[in-house]
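K.L.:
Compute the structure for the input listed below.
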Amino acid sequence: MAIVTLPSQFFMVAGKGDSEYALNAFDLALLDAGIGNLNLIKVSSILPPSAQEVEPVQFPPGELISIAYAEKTSHIKGEIIAAAVAVAIPQNKNHNGLIMEHSGAGTAKEIEEIVRNKAEIGMKYRNYKIKEIKSVSIEHTTINIGAVIAGVVLF
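P.N.:
Alright, predicted model coming up:
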């Protein structure tokens, strides 16, 4: 039987990049977000009960890190793209929180509003009262090929 550690801490990140290739643009966005030298394991949208937000942590290069994230890449020069994540924290510390992600064409403000609404709706489905919603967003106007990422690192 595998031993699974329940994450007890989280922090939010956001970054953007632009390059001649989509993968390089995404890599630059990861570097800008401070997570470019890590191996990311994409997870779904549940924040463990009582997980605490902390300042971003520097992990050793190559570390396996759990992250819920939204990303967008665009080949359309001049297009504004954005990514955002929201964390809904319940009033009841025994309940799990909820992470929502969204990305697309549009400004950071527009995309962040959508993701915050998703978080509210998800908590309503669970009948959880919300203590607070935290969010982060980023936008980029594509020059060559643009990329954005916003995420919640769980550890």
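K.L.:
where do the strands sit along this structure?
P.N.:
Under the criterion DSSP state E, the chain contains strands at 9-19, 39-42, 46-47, 52-53, 64-74, 80-90, 97-105, 130-141, 145-154.
K.L.:
Partner strands of the third one, with direction?
P.N.:
Strand 46-47 has its sheet partners listed here by DSSP bridges as strand 97-105 (antiparallel).
K.L.:
so what's R116 up against?
P.N.:
Neighbouring residues of R116 by CB atoms under 8 Å, 6 or more residues apart in numbering: A86, M100, I133, S135. In this view, the C-beta of every residue, glycine as well, is placed from N, C-alpha and C.
K.L.:
doesn't G122 make contact with the first one?
P.N.:
Which is A86. No: taking contacts as CB atoms under 8 Å, A86 lies outside contact range of G122: 9.4 Å.
K.L.:
who touches both of those two?
P.N.:
Common neighbours of A86 and G122 (CB under 8 Å, 6+ apart) are M100.
K.L.:
what about these two, which has more around it?
P.N.:
The neighbour comparison of A86 against G122 (other CB atoms under 10 Å) goes to A86, with 28 against 18.
K.L.:
gap between the two ends of stretch 14-24?
P.N.:
This stretch, stretch 14-24, spans 16 Å end to end (CA to CA, to the nearest Å).
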